[in-house]
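Q: Next comes the sequence, and after it the predicted model I'd like to discuss.
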Amino acid sequence: MFDVHEFRSPGEQFRGVDFWMLNDALDDDSLRFQLRQMRQQGVSSFIARTYIGLKSDYPGPGFKAKLRTVVETARELGLKIYLQAGYMPEAVVGLPPEYAASYVEEKDGRYTLERTEIYVDMLNPEAVRCYLRQAYEEMWAEFAPEFGRTILSVWVDEPNYSKTGVPWTAALGEKFRARSGSEVDFAALFHDTPGCSEVRYHYWNCVVELLRDAYFKQVRDWCHEHHLLFSGHLMGEATFHANFARGAAMMPFYRYFDVPGIDHLTADLPFRDSPLPRWGASPVYDPDLYITPLQCASAAHQAGCKFMLAEMYGVSSENLALRDQKSMFENFAVFGVNVRSVHGYFYSLRGRGKRAYPPHVGYYQPYWEHYRKLTDECARTAYFITQGEVVAPVLVLLPWNTAATLYARGETGGDGIPALRALENLFLNLIVRLVHGQVAFELGDEFVIADTGAIENGRFRVGCATYSAVVLPWASKLADSTLQLLSRFASTGGAVFALGDTPCPEAQLLAGADLLLTALEPFREFKFDSDHPAALQIRHQREETGLELFFVFNSDCSSTHTVTPDRPCAEVLSDGTCRSAATFLLQPGSGLRLITRVAAPATPATPAPRLCHHLCLPDQWQVVRRSPNALVLEFARFRRENDSEFSPDYPILAIHDMLTAEQYHGQLTLRFEINCACPFAGTSLALENPSRQQISLNGEAVSNQPMGCFRAREFETITLPELKAGQNILTLTLDFSPLEQTRHVLTELFANLRGVELEAPFLLGDFGVFSHREPSRTNCVRMSRHFHLAPAVQEVGGELIDRGFPFFAGTLCLRQSFTLERDCTRAVLQIDHFNAAAGTVFLNGVEQAVLAWHPYQAMLTGLRSGENILELELCNSLRNLLGPSHRPDGEFGSCFGGYGHPNKNWIGAVDNQGRKIAEWYNHRTPDTQAWCEGYLQVHFGVAGISVSWEEN
């Protein structure tokens, strides 16, 4: 039951389960430090996951010793652990050949059986038992006493079979014969042939049943026998063709998880300020934002699961900070996601680890000190949407069986089938119409219905959920068990509606979504008005007491809208107070918590100030840095051991790729140029592994002994001599050997690879970094790469990037004064354009508020007659320091290059059509489709600031 006190300080179970990427040599002190940091910022549980860059003997005794430190520290701090073994069952090293997954592939008109090397045959019970012994029993035996205590769950990430061909196992042929009375006609699985629909229908049903029994049931049972929860997410959830390519189906398997989950990597957040669009985004709705969460949430509700997880944020941008993370979580919370899973907290930023795959959340981020604000707010929303029971009287059947009859693997890998694409688009558009049409509904799966379906008291039951109406969208193929239940449901007066052909004679056929919405009016539970109703997404819950809870999300990131409920409601604010109104404001890309009556004595709402005075402040501020400024030394000339001359200048990652391609082993000298308008003393250099390099500045040897670190412990700092006016030459000399390559891409996640990774150092100090601004049609500030140092400016306007801060990563303070004629008790600060991760507002030296998302407003107290001092402490993210800064399309929310190619989006080797550019580093100007020589940096600063107040 909703409780205001618990809402204010939600329990641990509402604080999510976050990925902690172990991606470097593991140090006991660092492990303990990071766990303490995570705990302080509101983290409750984490998935200990090996990741790209790990330096360890995994899964050997050295790794287990470090894991022991993790477990002991977590126990001391009250943290819970979810265990993941490598990337299993998709990357099992040392798998016996007879237990490796097989697939049938078409080659020159013939169908051949092929075998993988590291995929477990998840259709084979014996193979899965072998996997459990190797991956869980042997691997985690010494930690068994902590099972069900500190170690709460096993986590599986994307269990799937090989995307090549169609899956096969020895038992599949026999099962198919028993079901259909014939042998598998492989031609029918790859191409349209006479009778292919029935072959496909029976084949894919067999695959689902084998997966269910061999893998999902067995792993669940093993977990429960060992006092562990079974949790994870699947792969290829959003479309039918992706289902068949990687996991056959999704909904039938969620019910075997104790904490079922989804993932949504990349981002599409078109806010007005600092927009983060998804690259190549089309006008078509994203099924990952609708079908994926709906499938999982529906299955969870039907199975009686209280919690549902969404892994989110990864593979997007370092600039995905507090506002964007809150927005994405709330986007999924409206579907029922109440376990936020951050991808990810990264142990290290060393080498390619800093590029695989942002955002990197952790102590090194400038906004880290404010991260608790986000975790607390998301926990409150998670608590809120977990109260009561979801109200969803309509069941929409997933037309999976219809899709199975259409899927032909041979047609461009199964994703180029017009009829299947048409079904996917029709279904997605229907789902979008229902969601934004405020129809409360869930999805139904025929496998689940066959096992748990029943007709009770005139309602259609699926497990723990019941429905008053059933919709059959383009369900031309239905299981006999489904048809029988539908017939019984209709005979009791139940409503059955159909779009498109259906074998269900009791269904009322409708010609389109408009007629369906009209037909569903009697089953409508609510109707909220809005100035933009198409932007609304609403979740409805009801408690036994009669209390109703609504979570309303504004899917429009660019504008504020109004929402008027159809019944008296109060908004539940973060402090637990409830504010009643007839109409509420819905901030861009934000959620709104509404209840129908106050569940505890209400705190009288403070009347809004009667703002009768308004002062617009100029975009002119005194600026003081709280962190050193930085210049990224990305371009260098290089000289091999036997070279007589230095090369032309290249990006540092290009040099790395060139030397790797030629398999160079030997001494390497990098030469950087630093241009200064005047001498600068007190500078330092941040770089990785300085003690392994010889360093000189203008011919003078520099000590390579670290004196500290900058942002992350991997960025060690050394003190430099004074920089002179004009050109300065910095050289780094080291022994280079290429980074080893893995045989299988996924083993990159836990392989200990030897070799050198070249990385750009950072020059730090009290200076400004200047070049000229270049034209750009992107959402970024484009700066020429030819930077020079000059004295830091003392005053800035609204944009900080071209005022000496193109690479700045930290906190700075903007300060200005204004004068009032008389004292004022209450006022409001409004910021129209806010480009920062977070900002702390001070008035006359007293902190007023921390701003991190819409609305960017702060109540001000203590305004006085005479001079008032307003200060804004702004922090940003690591984006402008770490990039990627050379993508011609600017900043967008996708940066995945594959586990074996984390540098892809930081170099110009592949264009936006996926075509390789030979020797891209020799063809950098003019801009190509994959590279711009200038720096495309995200905005940093504020503008449009005003103060409004009432008279005393």
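A: Cool, the structure landed.
Q: ok, now which ones touch residue 775?
A: Residue 775 is in contact with residue 782, counting by CB atoms under 8 Å, 6 or more residues apart in numbering. To be clear about C-beta, it is placed using only N, CA and C from the backbone, and glycine gets the same treatment.
Q: Model confidence score at it, please.
A: Here, the pLDDT recorded for residue 775 equals 96.
Q: ok, it to residue 719 distance?
A: 39 Å (CB to CB, to the nearest Å).
Q: do the same with residue 309
A: Residue 309 is 46 Å from residue 719, by CB to CB.
Q: Likewise for residue 939?
A: On the measure of CB to CB, residue 939 and residue 719 end up 33 Å apart.
Q: for residue 485, same thing?
A: Distance, residue 485 to residue 719, using CB to CB: 76 Å.
Q: Pick out whichever of those two has more residues nearby.
A: Between residue 485 and residue 719, counted using other CB atoms under 10 Å, the more crowded position is residue 485 (22 against 14).
Q: and the more buried one, helix, strand or coil?
A: At residue 485, secondary structure determined by DSSP: H, G, I helix; E, B strand; the rest coil is helix.
Q: And the pLDDT for the residue nearest to it when sequence neighbours are not counted?
A: Spatial nearest neighbour of residue 485, excluding adjacent residues (CB to CB, 6 or more residues apart in numbering): residue 453 at 5.0 Å. If you check residue 453, the pLDDT there is 98.
Q: residue contacts, residue 453?
A: Shown in contact with residue 453 (CB under 8 Å, 6+ apart): 460-462, 481-482, 485.
Q: Just confirm residue 631 is within a strand.
A: Yes - Residue 631 forms part of a strand when assessed by three-state DSSP.
Q: residues near it, how many?
A: Each residue near residue 631 was counted by other CB under 10 Å, and the total is 23.
Q: now swap in residue 398 and tell me
A: Neighbours of residue 398 under the rule other CB under 10 Å: 28.
Q: From residue 864, how far out is it?
A: 63 Å.
Q: Most neighbours out of the contacts of residue 453, which is it?
A: For these, neighbours were counted using other CB under 10 Å, and residue 460 has the most, 28 neighbours in all.
Q: Downstream of the lengthiest helix in the chain, the next helix or strand is which one?
A: Across the chain, the longest stretch assigned as helix under DSSP state H is helix 418-436. With elements assigned by DSSP states H and E, the helix or strand that comes after helix 418-436 is strand 441-444.
Q: Give me the contact list for that next one.
A: For strand 441-444, contacts defined as CB under 8 Å, 6+ apart pick out 251, 291, 294-295, 297-299, 301-302, 390, 392-398, 434, 462, 465, 467, 470-471.
Q: need the contact list for the most centrally placed residue in the chain.
A: When CA atoms, centre = their mean is applied to the chain, the residue found nearest the centroid is residue 313 (1.7 Å). The contact partners of residue 313, by CB under 8 Å, 6+ apart, come to 265, 267, 320, 325, 328, 342-344, 359, 361.
Q: Mark which of those residues are buried, thanks.
A: The neighbour-count test (16 or more other CB atoms under 10 Å) marks 265, 267, 320, 325, 328, 342-344, 359, 361 as buried among the contacts of residue 313.
Q: Pull the residues that contact stretch 813-827.
A: So stretch 813-827 is contacted by 609, 611, 615, 617-618, 620-626, 796, 859-861, 863-874, 942, 947-952 (CB under 8 Å, 6+ apart).
Q: repeat that for 6 Å
A: Stretch 813-827 has contacts (CB atoms under 6 Å, 6 or more residues apart in numbering) with 609, 621-624, 860, 863-865, 867-873, 947, 949, 952.
Q: buried subset of the residues you listed?
A: The neighbour count (16+ other CB under 10 Å) marks 609, 621, 623, 860, 863, 868, 870-873, 947, 949 as buried among these.
Q: on that earlier part again, let me have the contacts of residue 453 in a markdown table, adding secondary structure as columns.
A: Formatted as a markdown table, the contacts of residue 453 follow (three-state DSSP):
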| residue | secondary structure |
| --- | --- |
| 460 | strand |
| 461 | strand |
| 462 | strand |
| 481 | helix |
| 482 | helix |
| 485 | helix |
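Q: Reformat those as CSV; add distance to residue 44.
A: Listed next are the contacts of residue 453 as CSV, based on distance: CB to CB, whole Å:
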residue, distance to residue 44
460, 37
461, 34
462, 31
481, 41
482, 40
485, 41
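Q: from those, which single one is nearest residue 671?
A: residue 462 (68.0 Å; CB to CB).
Q: and the closest one, how far is that from residue 209?
A: Distance of residue 462 to residue 209, computed by CB to CB: 18 Å.
Q: quick one: low-confidence parts of the stretch 1-150 of the chain?
A: 86-87 (pLDDT under 70).
Q: Apply 80 and report the result again.
A: For the stretch 1-150 of the chain, the stretches flagged by pLDDT under 80 are 85-89, 91.
Q: For it, which segments are assigned as helices?
A: Ranges of helices in the stretch 1-150 of the chain, per DSSP state H, counting those that start in this stretch, are 4-8, 28-40, 61-77, 125-132.
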